[in-house]
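Asker: Task: produce atomic coordinates for the following.
(one chain, ligands or ions: 1)
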Amino acid sequence: MFRLFSSGVDDLVLVSSPTNGEITNQIGARFDRELIYTNIGEVLIAVNPYKQLPITGPEFIKMYQNSPGGNEAPPHIFALAERAYRRMVDENESQCVIISGESGAGKTVSAKLILQYVTAVSPNNSYGNSMGGGGSNNVPQYDGGSDDYGAPSGRGRALPMPGGRGMPPPARGGGVPNRGGVASRGAPPPPMGGGRGRGPPPPVSNVRAGAPPPPMSGGQAPPARGPAPPPSRGGPAARGRGGAPPPRAAPPQSRGGRNVDVEHIKKVILDSNPLMEAIGNAKTVRNDNSSRFGKYLEIQFDDNNAPVGGQISTFLLEKTRVTFQQKHERNFHIFYQMLAGLDQSTKSEWGLTQATDFYYLAQSKCTSIADVDDAADYIEVKNAMTTIAITSEEQTEIFRILAAILHVGNIRFQGEAPATVIDETPLQWAASLLGCDPQFLGQSLNHRQIQSGSVRHTQYAVPQNPDQSASLRDALAKTLYERIFDFIVTRINSAMQYHGSAKVIGVLDIYGFEVFERNSFEQFCINYVNERLQQIFIDLTVRGEQREYHEEGMKWKDISFFDNKIVVDLIDGNKPPGVMRVLDDVCKTVHAVDSATADTKFMEKLIHAIQSHPHLLISNTGSSANEFTIKHYAGDVTYSVEEFCFKNNDNLYASIVCCLQSSTYPFIASLFPENMSDNKTAPTTASYKIRQSANYLVQRLSACTPHYIRCIKPNDSKSPLSFTSSRVEHQVKYLGLLENIKVKRSGYAYRQLKDVFLNRFGRIFDVAPRNCQEFVEQITRAGKDISAEEFEEGKTKIFVKTPETIFLMEDLLMQKIDPIGYKERVHAYKENEKLAQAKAGKHSLKPKCIIQ
Ligand SMILES: Nc1ncnc2c1ncn2[C@@H]1O[C@H](COP(=O)(O)OP(=O)(O)OP(=O)(O)O)[C@@H](O)[C@H]1O
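Answerer: Okay, here's the model as predicted:
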């Protein structure tokens, strides 16, 4: 008895006894052969190789283009992209690609590859008769692979031959099913929700700018240090080149009907990437270019299936990074790009020197990244801004605010409440660049406006001590940054705005499930969003299966799976109240208490409100209780409640907003349109915004046929092609891959169109069977371990219950059509096995197939 598949199977649904360890072994065995992609049905697993493999160049696009729904194609991100695009074209349905995984797993690279593929294969004109494949070679492309690879052997079915470096292996088990596992709906998605809690914008067809980004907040940096040269000018009166024209968003470029410059839209889609990365990405210890926000990009396609518009929605921007970064991490790239790229005279005019002079950049002791040229990136970012029609005046306004943020970070406080500023210089700089009166700015940092609980219209200015003032200072910096971020996202959306009806391909690049040694409010929110995404994943997968059974005229069999609704309700439920509801209730009543007392009250209330729940564990219910555990679908996570209330409150401080609204720069005032004297509406909390965002996402994604990419980070040292099994197994667990496989296998492990099935497996016999019945008769005679119950015939497909049957059929096929190759593989297998044993069981695989 031998194991044939020591190289791992390309569809994990075919693993005989799936466990987290076994899945890891399979992925590892493939990774050793530079096969970074593996399927679970139509779900794609992508392992980051930390090395450019020659598998994503234009010739690979051609290879996958028009391949029939990914059938027979080895697992590849382009196979998935092709399936999404083709299904949109053929079935006139919106599609979405949901990419998840931990930091550094390769989500952003995967998202870029999807965009690269879709922009390349779609037509360049919004009318005419080309249906895909008309993409221009001039379209800028992500440089994800080298072009030095040999030309593919043809279009459509052209598959790479085995043996080459980075080449996919021969399709095992007949490739992935054409359909199945996904539900579909015809209509394009509904209009988006409103923008940033400033009231919904008027509906414009199915596109609107400004999704509700749910901000995360919190984190207080210690007071600033660092020298700052004296201001060249003081106060708002001195304004340099900025009497600045009214800079509010330029009128959207209205598009609709057939007058769309598709090539321009493709350019905007691809060029907006470096801009979004500049304002939303940063170096972290895990990833030099880590996205610190979630992004959902929808590309809109017209009747000619050309991209005619788009829409970006952002989620969970980590704005605490503006004021605090841990050691060896950086702030958002844009700050360093500005310092490296701005001309010297503007830098002098704005009081800018070097990164180490500004506390917000200097605290982490990391201001540069190996192999990154911030000055060159600055030029790229400016060009991208120009592409999306941000005028040069507006660009100046944006960078001046960023400069102001750096000076804000250098303001330090001392003394009793109200705290006084230690050195006026940074305050003067900040006030000057923000067009505010320095005294007004100072007062808005050392006094906080508090509304009376009993008499709602009464406001009090409460003096703040140095710590509290530092907290307000950081709130100012974070608010300014967030508004710039939103402004740029809105302008990207304006540049892609399309008014006609359209179907979409959405690409969601969002943090995956997070479990650290210490988990805080941020992980709680991220994991909640992931619970919601898991919910729609299960829902759509089960419904997709149901639909397929129905279409195939087969009797539905119940699929058993863990329904995580119970966990979602535990977090966001109203009646009985979930954790978020309890948190919001506590936050409403704790304005006057310090952060630690508020967290204690939250813990008390949580223990009282949710006494017993099968998915909530509170081991310490005494007065020192400070953590709770949620049993998530992917595993248990313990959350420390420290700063939960502070972060959840995410206050927009009235004093700060009023000061900025008084700015003599119309651009800055326009970023703060809210009416702060309107006391009627209760301030929204961070968890409220996250619930809203999650609802919005679920609504958008549910209107599409989903495609999933689960990204895996193979090691923590960013080493090329190195695979640490324990790290991977952890991710396999938290990505819920085992559950994926179970759901997918609970009915049939394999399904294939009748023609494709009979063409492949009919070759086992001297006389090819003409139909399913003949096939079953012959195969049960040929393979003594194969029973007729293993097969079921639908209207268009043949279904096979267990992977073992598929493996046996594959063996019979191979012995028949390539007996020498078969012997060689058996030999190679034995050699590989010896090697594996010598390496003490590295990726040791359990028997997948028995050769007799
Ligand atoms: N398919 C790939 N081929 C080559 N290198 C890759 C690939 N995927 C990822 N990488 C490398 O890994 C790095 C991290 O990838 P990426 O930024 O996409 O991770 P991420 O999951 O988006 O992380 P984060 O959540 O922190 O944003 C990339 O900058 C790149 O160097």
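Asker: and the residue nearest to R770 when sequence neighbours are not counted, what does it touch?
Answerer: In this structure, R770 finds its nearest non-sequential neighbour in L758, 7.8 Å apart by Cβ to Cβ, 6 or more residues apart in numbering. Yep, even glycine has a C-beta here, placed from its N, CA and C like the rest. Each residue near L758 by Cβ atoms under 8 Å, 6 or more residues apart in numbering is listed here: A768, P769, R770, N771, C772, F775, I798.
Asker: which bits of the stretch 651-800 of the chain sit near the ligand?
Answerer: C711 (Cβ under 6 Å from any ligand atom).
Asker: give me the residue from the stretch 651-800 of the chain nearest the ligand.
Answerer: Relative to the ligand, the nearest point of the stretch 651-800 of the chain is C711 (5.5 Å; Cβ to the nearest ligand atom).
Asker: Report pLDDT for that residue.
Answerer: Predicted confidence (pLDDT) for C711: 95.
Asker: That one is in contact with S100, isn't it?
Answerer: Yes: under the criterion of Cβ atoms under 8 Å, C711 makes contact with S100 at 7.0 Å.
Asker: Now list whatever residues contact both of the two.
Answerer: Residues touching both C711 and S100 by Cβ under 8 Å, 6+ apart: K107, G512.
Asker: Domain-wise, how is the protein divided?
Answerer: Domains of the chain are assigned by the TED database as 521-648, 748-832.
Asker: So K267 sits against T387, correct?
Answerer: Yes: contact status for K267 versus T387: in contact at 6.2 Å, counting by Cβ under 8 Å.
Asker: Now do the SS call for the spatially closest residue to H447 that is not a sequence neighbour.
Answerer: Once flanking residues are discounted, H447 sits nearest to A461: 4.3 Å by Cβ to Cβ, 6+ apart. Secondary structure, DSSP: H, G, I helix; E, B strand; the rest coil: A461 is strand.
Asker: separation between A461 and L660?
Answerer: 17 Å (Cβ to Cβ, to the nearest Å).
Asker: for the residue lying closest to L434 once chain neighbours are set aside, what are its contacts?
Answerer: Nearest non-adjacent residue to L434, counting by Cβ to Cβ, 6+ apart: A404, 4.9 Å away. A404 makes contacts with W429, A430, L433, L434, L480, as judged by Cβ under 8 Å, 6+ apart.
Asker: Next, A404: secondary structure please.
Answerer: Going by three-state DSSP: A404 is helix.
Asker: Roughly how far does it sit from E42?
Answerer: From A404 to E42 the distance is 49 Å (Cβ to Cβ).
Asker: re the thing from before, please convert the domains of the chain to TSV, extending it with mean pLDDT.
Answerer: Putting those into TSV (pLDDT from 0 to 100) gives the following:
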stretch	mean pLDDT
domain 521-648	87
domain 748-832	86
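Asker: Take those domains and lay them out in CSV including distance to A306.
Answerer: Converted to CSV, the domains of the chain look like this (distance: least, Cβ to Cβ, whole Å):
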stretch, distance to A306
domain 521-648, 27
domain 748-832, 29
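Asker: what does the stretch 351-500 of the chain have sitting close to the ligand?
Answerer: Counting by Cβ under 6 Å from any ligand atom, the stretch 351-500 of the chain has no residue next to the ligand.
Asker: all strands for the stretch 351-500 of the chain, in order.
Answerer: Applying DSSP state E, counting those that start in this stretch to the stretch 351-500 of the chain gives strands spanning 413-414, 420-421, 447-451, 459-463.
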